[in-house]
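Peer 1: What follows is a predicted protein model with its sequence.
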Amino acid sequence: MTTQKYQVHMSSQQLTITASILAKTEKREFVKQALLKLIPPTLQEEGCLNYDLHQDNENPDRFFFYENWKSRELWLNHNASAHIAAHRKNTEGAIIEVIISELSPVS
């Protein structure tokens, strides 16, 4: 089962995203390689400031993307991209959950 949570707010300010991806233990390496393949095309996308993949030290089945985008609109374009759609199809059944958080700076 894959779950995704999105907050709805529109802003032209920079957007920080954290994406937590929990792989099935037996699919961990497959998911890791699939996530690594997302980095080069994403870094070429308009508005992508960084797209950093991390693996949890306590639970190696959990991966995190830490992302910064120039705007929410450009991040939404990323979510609608062909490489993200292909990734979702390719990893179907290998991922337990995806939790996405949209973050804004505290001022």
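Peer 2: Looks like it arrived, so ask away. Numbering: from 1, shown residues only.

Peer 1: Helices of the protein, start to end?
Peer 2: Secondary structure of the chain (DSSP state H): helices at 28-43, 72-79, 82-90.

Peer 1: Show me where the chain dips below the pLDDT cut-off.
Peer 2: 1-12 (pLDDT under 70).

Peer 1: Run through the residues that contact the residue of it positioned farthest from its centre.
Peer 2: Distance from the centre of the chain peaks at Ser107, with 25.1 Å (Cα atoms, centre = their mean). If a contact means Cβ atoms under 8 Å, 6 or more residues apart in numbering, then Ser107 has no contacts. Every residue, glycine included, has its C-beta placed from N, CA and C.

Peer 1: on that earlier part again, TSV please, covering the helices of the chain and showing mean neighbour count.
Peer 2: Shown next, in TSV, are those (neighbours: other Cβ atoms under 10 Å):
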stretch	mean neighbour count
helix 28-43	15
helix 72-79	17
helix 82-90	13
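
Peer 1: Tabulate those in a markdown table, adding columns for distance to Tyr66.
Peer 2: Putting the helices of the chain into a markdown table (distance: least, Cβ to Cβ, whole Å) gives the following:
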| stretch | distance to Tyr66 |
| --- | --- |
| helix 28-43 | 12 |
| helix 72-79 | 13 |
| helix 82-90 | 17 |
